[in-house]
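> Give me coordinates for this.
(2 chains, ligands or ions: 2)
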Amino acid sequence: MTHLVLSGLTKSFGAAPVVDQVDLTIEEGEAVVLLGPSGCGKTTCLRMIAGFERPDAGEIRLRDKVLAGPRMFIPPERRQMSVVFQSYALWPHLSVRENVGYGPTTAKVSRPEVRRRTDEALAMVQLDGLADRYAHQLSGGQQQRVALARALVNDPALLLLDEPLSNLDTRLREEMRSEIKRIHRSLGVTMVYVTHDQAEALSLADRLVVMHAGRIVQVGAPEEVYRRPRTGFVARALGATNLLPATVCGPPSADGVPLRLPGGITVTAPRSADVALQAGDEVSVSIRPVDLRLTSGSAGAAGGARVSEALFFGDHVQYAVDLPGLAEPLKATGPSLGRFDAGQDVVVEVDGTAVAIVSDGPGASVPGRDDHRPGPSATGGATPAPAPARRSAA
Amino acid sequence: MTLSRSATSTVPGADPREGSASGPAGGPPSGRAPRRRRSTGFERAMRLVWVLTLLALVGYPIAQVFGQSFVADDGGLTLSNYGLLASEPQLLEAIRNSVWIACGTVLGSLVVGLPLAWFTVRTDMPMRRFFRGSAVLTFAAPSFIAALGWVLLLGPRNGVLNTALMSLFGLGESPFNIFTPWGIIFVLALFLYPLVFLPVSAALDGIDPALEQAAASLGASRWRVLRTVTFPVIAPALIAGSILVFVSSAIIFGPVAILGAPTGFQTIPTVLLSLMQFPPRIEVAAVISVPILVIIAALLLIQRKIVGGRKFTVIGGKPGRQDLTHLGAGRYVAVAFCAAVVVLSLVLPFGMLLVTSFRKALGRPLGWDNFTLTGNYEEVFGRPLIAAAMGNSFLLAIGGTVLALAVALLASWLVHRTKARSNAVIVGAMAAPLAFPGAVLGIGLIIAYAAQPFGLGGTLTILLIAYTGSALPLTFAYVHAGMGQIGAEVEEASRSLGASWARTWRRITVPLLRPSLLAAGLLNFVLLFRELEMSVFLYTGANPTVATVLYNLASESLYQRVGALSVVILLINIVVTVIAMRLLDRKPGESTRRSRRDPSVALNTPPEEAA
Ligand SMILES: Nc1ncnc2c1ncn2[C@@H]1O[C@H](COP(=O)(O)OP(=O)(O)OP(=O)(O)O)[C@@H](O)[C@H]1O
Ligand SMILES: [Mg+2]
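Ligands and ions are numbered 1, 2, ... in the order given. A predicted model of the protein is given here:
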């Protein structure tokens, strides 16, 4: 059932729109993750849904009830949404129990019922023993759990989370991630989750929304967005990737699009829904480092290349590989058993199904200019680098 | 990240009207007029309330002072009033006296404050915390009461110290006379030195020891380190503090009035008072006020620039982090110096008043036959005038405190939770009364409200206006800082859980502001309860306050009663301060933990406020 609808949602601070014509439909019980680089308007979007900001234009509807529109604004306290803030925003003058019980108390629920619900929520986040502590007597992870319990206790129509895990260390973050996943599954609460961490986004989302400079650039199941990014920007938002120039070297068919990659590698890539192609077209493709396979071989063959750098990470090895015809080295990841060393000649093999043809939409960048930093932070800001076609390999 | 977010983001939703104006039971109030405009309308209304309040409290009276200085006898505009400055030697004399008292006090404060700062921060002298705390206490003590104590100690005829010294050394005449400019400087320096001491010790605290160690490791001598590293770091604090001392001592009324009266020595505020006595020469008072306002404003702006918006606090430092200089036997000299400061600024004057409050007669020597436990107190409390003054002072102090808190809350809300370019103006305007000497504000209020159509002359209302206006800067400083600690998200979390704007304020915002509100409120109560500077101008004989009564008792030389009443005022000060510490100590939570560790936070006046 359709739960929340954003249509044409727009908000500016000053001249430039921060959220620009956002359309999104969220189904009941769904976990939707907004992913995007810093400053792309995720928080602003969330705050408009929560009612902390008024949209300049557009409409927000919850279960067919207009929350915000041209002549309408429902204040946050009557939207039945709970927000988990990055800063937790726990009230320091109230105990854990009082923090969590605030919602039901405000709703004038009877005392025993408040207590029952509070205990239930605290049990849900495994904080049973700490009800009488104050926020400053809790660890970061525990504070996060209190914030979560406080949001859940109200049985919200929508649970909004704004980078809730970004103040935790890596191990705790992983733990809380699965915790949130578990809670979402067991309560079936509809959830909008904002993050710029790709691992969080991919593992938590039923549906992933990638944003850039105030606009939605791609929406889909996490796996679909990961495998078939529509633009180079989306591809990089979801992890390290190689963005390469390629040439369509034959007529596209039902099997896919035959492509010639730099270094003379030929593959058949799945068709891209966005781009109608014909033989001779030049395109950009995204290939994840794990989808490049290195085998030993000589420099002359198709895909022949030389390892310029090999970094050992225990369970895997990251390579930088110089492929003729490419200015920047390719990134590849391989098993640590039977690894190659810097300076060795290798042959790069590519599985065609792992190749995604991307358009030079917003945020697409110069092919080959990607780096090892995961996530979208590498774009460094709201202005996407224009993508001059540099088709050296053709 | 969180910080910058809460600083930039605002809450257009934080609008009380939204909670109440829409229909019952949460149904969407469809088809009404656009709410967008209504909400900004509420903000605008609040802004207007704030503007009008501030205009009424300080803007209009100060404007009246300016206006009055340009009004001729026939009601036309003229600059000729300023000619009076040259033709009345008494005025120029007062200005010269003010400057000379101010310069002397600055020097005196440096002589007292700098060594004290160095001893307490950078040496291994014992009891450093105690001496630091007592400097804060000096602030809370009323300077004109200290001056009364010194009259009893160093008065030329019966001063207790004088007679003791005379009999000790067999002198023929009193060695000291407190009724001289030197006496005034002496008393003022002992009262105002914390304005130098506090910022300088904070700056000393803040010096990264690595800076000095680095210089020393490069072979710099101790003196060279002091000159090239330490001094440049503390110089801004020192200059800023000196400016505050200068301004404060140039315009302070109480001690000068008490100590200068016998010889007719007048400074700016006392000459202003005499101009306001019958027959009042308001235009002359206005003429002398205007340049003073301008100069003080300029000096305070310079001071702000130097401080750069930083607040010096005694608590801010991390004592023990520094390399402490080992004084060796010099420690005893240091302790003696610091102890002398405490004795001279607190123990002697206030102790003397306490002793005097138990004396039957001033002329006779101390002794059991001259002792009365309750006689003077009965005398004081038996008089209906004093009982009325007590009641008035309580009422006015509480009223002024509460009103100032309300205005400060409104202003902080506007600054922190709405966005408008004019918000910076609010911060400036709330601090502006610092630049208005009590005397000038008092005169402004008289011009503005004493006559018809308001007819408030001599009423409690005009005193309440005065107290509220003068309490604004301190109150706002606390509330504004407190509000800055409370992120908007803490309020938003409450709203999203179903609490209306009003409930969010009641349950979240105000409780979180509690430490700031309490600290500001109690400190203001203490300061307003014994307010003299403005009261003496506004007093017409009808509505006495404790300070004006005390001042009049002193002019009549009824010193046993002065002692008794002073002791009562001091006791009330102390009791309120103790209550403040207790209250600030009670509830758990981040914001109060700091004050639990060090209760003197409650008394930690931002330095400017002492003026
Ligand atoms: N209250 C505000 N006033 C002015 N500009 C704002 C305000 N709130 C956000 N912005 C601007 O809007 C843009 C988007 O901000 P937003 O907080 O939505 O980004 P975000 O995607 O959540 O980023 P992050 O990942 O860093 O949290 C930023 O450029 C920010 O500077
Ligand atoms: Mg954000």
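> Okay, helices next: where are they in chain A?
A:42-50, A:96-106, A:111-124, A:140-152, A:170-187, A:198-204, A:222-227, A:232-237 (DSSP state H).
> Specify the stretch among those that is closest to ligand 1.
Closest approach to ligand 1 among the helices of chain A is made by helix A:42-50 (3.0 Å; CB to the nearest ligand atom). From N, CA and C alone the C-beta is placed, and that goes for glycine too.
> Now do the contacts for the residue nearest to B:Ala388 when sequence neighbours are not counted.
Leaving aside its sequence neighbours, B:Ala388 sits nearest to B:Pro544 (CB to CB, 6 or more residues apart in numbering or on different chains; 6.3 Å). For B:Pro544, the contacting residues are B:385-386, B:388-389, B:392, by CB atoms under 8 Å, 6 or more residues apart in numbering or on different chains.
> still on that earlier bit, mind checking the helices of chain A for the one nearest to B:Trp118?
For B:Trp118, the closest of those is helix A:140-152, at 41.0 Å, according to CB to CB.
> before we move on, back to that, most tightly surrounded among the helices of chain A?
Of all the helices of chain A, helix A:232-237 carries the top mean neighbour count, a mean of 30, counting by mean count of other CB atoms under 10 Å in any protein chain shown.
> Average pLDDT for that helix, rounded please.
On average, the pLDDT along helix A:232-237 is 91.
> for stretch A:58-74, which positions count as buried?
By 16 or more other CB atoms under 10 Å in any protein chain shown, the buried positions in stretch A:58-74 come out as A:58-62, A:66-69, A:72-74.
> Inside strands: which ones of these?
A:58-62, A:66-69, A:72-73 (DSSP state E).
> which two in those are spaced the farthest apart?
Taking CB to CB, no two of these sit farther apart than A:Gly58 and A:Leu62, at 14.1 Å.
> B:Gly330 and ligand 1, how far apart?
Per CB to the nearest ligand atom, to the nearest Å, B:Gly330 is found 56 Å from ligand 1.
> ok, back up a step: the residue nearest to B:Ala388 belongs to a helix, doesn't it?
No - counting by DSSP: H, G, I helix; E, B strand; the rest coil, B:Pro544 is not part of a helix but coil.
> what does chain A put close to ligand 1?
A:13, A:18, A:36, A:38-44, A:196 (CB under 6 Å from any ligand atom).
> got a winner among those residues for most neighbours?
Using other CB atoms under 10 Å in any protein chain shown as the neighbour test, these are led by A:Gly36, with 29 neighbours.
> Was I right to think that one contacts A:His196?
Yes - counting by CB atoms under 8 Å, A:Gly36 does reach A:His196; the two are 6.5 Å apart.
> separation between the residue nearest to A:Asp169 when sequence neighbours are not counted and B:Ile486?
Using CB to CB, 6+ apart and skipping residues adjacent in sequence, the residue nearest A:Asp169 is A:Gly140, 8.0 Å away. A:Gly140 sits 20 Å away from B:Ile486, going by CB to CB, to the nearest Å.
> Any chance of a ChimeraX selection covering the buried ones in the contacts of B:Pro544?
Selection of buried members from those for ChimeraX, criterion 16+ other CB under 10 Å:
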select /B:386,389,392
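> The contacts of B:Pro544 also near ligand 1: which ones?
Among the contacts of B:Pro544, none lies close to ligand 1 by the criterion of CB under 6 Å from any ligand atom.
> show me the contacts for the nearest residue to B:Gly183 once chain neighbours are set aside.
In space, and not counting its chain neighbours, B:Gly183 is closest to B:Leu259: 5.4 Å by CB to CB, 6+ apart. By CB under 8 Å, 6+ apart, the contact set of B:Leu259 is B:147, B:150-151, B:178-180, B:183-184, B:187, B:265.
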